[in-house]
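# Predicted model and sequence follow; I will ask about them next.
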Amino acid sequence: LVAIVIPGLGRTAKERLTKAQRNAVIQTALKRFEELFGGATPMRIPPGGIVRLLDGTVLVDPNQTLVVSGTTRREFLRRRKEVERLALRVGEMLNQESVAVLAFASDSFLLIREPGKGEK
């Protein structure tokens, strides 16, 4: 699995990103992951997350979203630079100091049912 964390805050605890800003970035990430890996899903992270900025400030962000896509390790590594460019774009769109990209092994799978197969 590969995911990008979409924050709910700007660079300070008082700087909340608008719903429109977040939705635009989520849609950008969804579209790009669909192009790279065939699909993606946004997942809200209750109750959010926490991050330490470079200046030492700690932000508790109650409104993070993960945009997650399933792929193989080989395909992720082949597309890693493109995922990196997407993360950079997310950071630029939301004026973020950093953007987290998560990638981890998974035993997930996709079951594809062909219409009409096995149906009576």
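Nice, I can see it.
# Poorly predicted segments of the chain, please.
Scanning the chain for pLDDT under 70 picks out 117-120.
# Walking through it, point out its helices one by one.
Listed in chain order, the helices found in the chain under DSSP state H are 19-37, 73-94.
# Contact partners for residue 65?
For residue 65, the contacting residues are 5, 6, 8, 22, 26, 42, 43, 44, 45, by Cβ atoms under 8 Å, 6 or more residues apart in numbering. (Glycine included, C-beta is placed from N, CA and C.)
# Surely the fourth one touches residue 6?
Yes: the pair residue 22 and residue 6 passes the contact test of Cβ atoms under 8 Å, sitting 6.2 Å apart.
# For residue 7, see how far away residue 76 is.
Using Cβ to Cβ, to the nearest Å, residue 76 is found at 22 Å from residue 7.
# Looking at the two, which one has more neighbours?
More neighbours surround residue 7 than the other of residue 76 and residue 7, with 25 against 19 (other Cβ atoms under 10 Å).
# Isn't the more buried one up against residue 64?
Yes: counting by Cβ under 8 Å, residue 7 touches residue 64, with 5.8 Å between them.
# Just grab the bridge partners of the nearest residue to residue 9 once chain neighbours are set aside for me.
Leaving out its chain neighbours, the residue that sits closest to residue 9 by Cβ to Cβ, 6 or more residues apart in numbering is residue 61, at 4.8 Å. Per DSSP bridges, the residues bridged to residue 61 are residue 49.
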